[in-house]
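**Student:** here is my input; please provide its structure:
(2 chains)
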There are 2 protein chains.
Amino acid sequence: MPAAPDFRAWLDVAVAEAERGRAEGGVPIGAALVGADGAVLGRGRNRRVQDGDPSVHGETAAFRDAGRQRTYRGTTMVTTLSPCWYCSGLVRQFGISRLVIGEARTFHGGHDWLAEHGVEVVVLDDERCVRLMSEFIEQRPELWFEDIGVDGAEDGEGTR
Amino acid sequence: MPAAPDFRAWLDVAVAEAERGRAEGGVPIGAALVGADGAVLGRGRNRRVQDGDPSVHGETAAFRDAGRQRTYRGTTMVTTLSPCWYCSGLVRQFGISRLVIGEARTFHGGHDWLAEHGVEVVVLDDERCVRLMSEFIEQRPELWFEDIGVDGAEDGEGTR
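**Tutor:** Residues are numbered from 1 along each chain as shown, chains lettered A, B, ... in the order given. Next up is the predicted model:
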């Protein structure tokens, strides 16, 4: 019988990516796409600042890094933070089976919607992830709002 | 008074991208992000085949091409085909105000969901777009299913 998935070990991969992003002066969110057999297929971090590319969120970077796959059945997207709508849409569209989230305290994205649509959602509430985002949001609020499309002139409701 | 937006002219930009993608042997879907003033901020096409990159849909390519923006208020995403969940999530997350779709006959993505969440949705039902996709789906069904994450072993329900 295969061992139970070690979600914390998978999260470590995503956290390492997030910490690397922080060290680069970027948005500290990381992710990994893990295969049905537990192997890491792809990993990545938000690179809005590093590449000047707003399309690279942690989850889309990990998805890209995994390359073309015929199916995502049985795969798990592991991310340090609850995914925004863009990344939630990615998980739903490609039929990624499971979502493991480091934390959903500093940002509540689309994970309830994914659970409603059959994705297995696991929230680990990891203190390292909470600290990474809390410190970042405090230090660089304008960069954070830019990353999630929150316009300074509105309260952000509806874009979370 | 500013002239009314010329949606068909904007769609021409997206169609040109889709046709270029077809000529390259790729998935023939193109898009453009248009600013509030009617200027094209970014344009692009699906490049799954060309770059071996499953994260580059037409919409995400146009979004990336536009670079970092402080706000998407007043912008329009123009796409040859109704956007999948991944691209619909992009539109919602970043607060893109309007979505102009070439056609939604060959694929019905997340545009109703976007309309429910306040995005202005315009479906042009353009024959060129229908033909591009109809011919592609007939010729390369396996590539099309890969692009929208439809597993060969399932009927695809729920991933549309």
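
**Student:** which parts of chain A sit against chain B?
**Tutor:** A:48, A:52-55, A:60, A:63-64, A:66-73, A:84-90, A:92-95, A:110, A:117-118, A:146, A:148-154, A:158-159 (C-beta under 8 Å from any C-beta of the partner chain). The way it works is simple: take the backbone N, C-alpha and C, and place the C-beta from them, glycine included.

**Student:** from the middle of its chain, how far away would the helix or strand A:Phe136 falls within be?
**Tutor:** Taking DSSP states H and E as the definition, A:Phe136 sits inside helix A:127-139. Between the mean C-alpha location of helix A:127-139 and the chain-wide mean there is a distance of 14 Å, by C-alpha atoms, centre = their mean, to the nearest Å.

**Student:** can you flag the buried ones in the residues of chain A next to chain B?
**Tutor:** Among the residues of chain A next to chain B, the ones that count as buried by 16 or more other C-beta atoms under 10 Å in any protein chain shown are A:48, A:53-55, A:60, A:63-64, A:66, A:69, A:71-72, A:84-90, A:92-95, A:110, A:146, A:148-151, A:159.

**Student:** now, the residues you listed that are in helices?
**Tutor:** In this view, those that belong to helices under DSSP state H are A:48, A:60, A:63-64, A:85-90, A:92-93, A:146.

**Student:** in CSV: the residues you listed, plus pLDDT.
**Tutor:** Shown next, in CSV, are these (pLDDT from 0 to 100):
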residue, pLDDT
A:Arg48, 98
A:Thr60, 98
A:Phe63, 98
A:Arg64, 98
A:Trp85, 98
A:Tyr86, 98
A:Cys87, 98
A:Ser88, 98
A:Gly89, 98
A:Leu90, 98
A:Arg92, 98
A:Gln93, 98
A:Glu146, 96
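
**Student:** tell me the one of these nearest B:Gly35?
**Tutor:** A:Glu146 (16.8 Å; C-beta to C-beta).

**Student:** per-residue confidence at A:Gly152?
**Tutor:** The confidence metric pLDDT takes the value 61 at A:Gly152.

**Student:** what does A:Arg160 give?
**Tutor:** On the pLDDT scale, A:Arg160 gets 35.

**Student:** burial of A:Ser97, as a residue count?
**Tutor:** 16 (other C-beta atoms under 10 Å in any protein chain shown).

**Student:** so the nearest residue to it once chain neighbours are set aside, which of the three states?
**Tutor:** Closest residue to A:Ser97 apart from its sequence neighbours, by C-beta to C-beta, 6 or more residues apart in numbering or on different chains: A:Gly74 at 5.4 Å. When classified by DSSP: H, G, I helix; E, B strand; the rest coil, A:Gly74 comes out as coil.

**Student:** isn't A:Gly74 up against A:Ala39?
**Tutor:** No - proximity of A:Gly74 to A:Ala39 does not meet the contact threshold set by C-beta atoms under 8 Å, at 11.4 Å.

**Student:** between the two, which has more neighbouring residues?
**Tutor:** A:Gly74 (13 against 7).

**Student:** re the thing from before, what mean pLDDT does the helix holding A:Phe136 have?
**Tutor:** For helix A:127-139, the per-residue pLDDT averages 98.

**Student:** before we move on, what about stretch A:24-32?
**Tutor:** For stretch A:24-32, the mean per-residue pLDDT is 98.

**Student:** residues contacting whichever residue of chain A sits closest to chain B?
**Tutor:** Proximity of chain A to chain B (C-beta to the nearest C-beta) peaks at A:Gly89, 2.5 Å away. A:Gly89 makes contacts with A:110, B:84-90, B:92, B:110, as judged by C-beta atoms under 8 Å, 6 or more residues apart in numbering or on different chains.

**Student:** give me the element the closest residue to A:Gly58 other than its chain neighbours is part of.
**Tutor:** Ranked by C-beta to C-beta, 6+ apart and with sequence neighbours excluded, the top spatial neighbour of A:Gly58 is A:Ala31, at 3.7 Å. Here A:Ala31 is covered by strand A:30-34, with elements defined by DSSP H and E.

**Student:** next, the residue positioned nearest the centre of chain A: secondary structure please.
**Tutor:** Residue closest to the average C-alpha location in chain A (C-alpha atoms, centre = their mean): A:Thr79, at 3.4 Å. Under the three-state scheme (three-state DSSP), A:Thr79 adopts strand.
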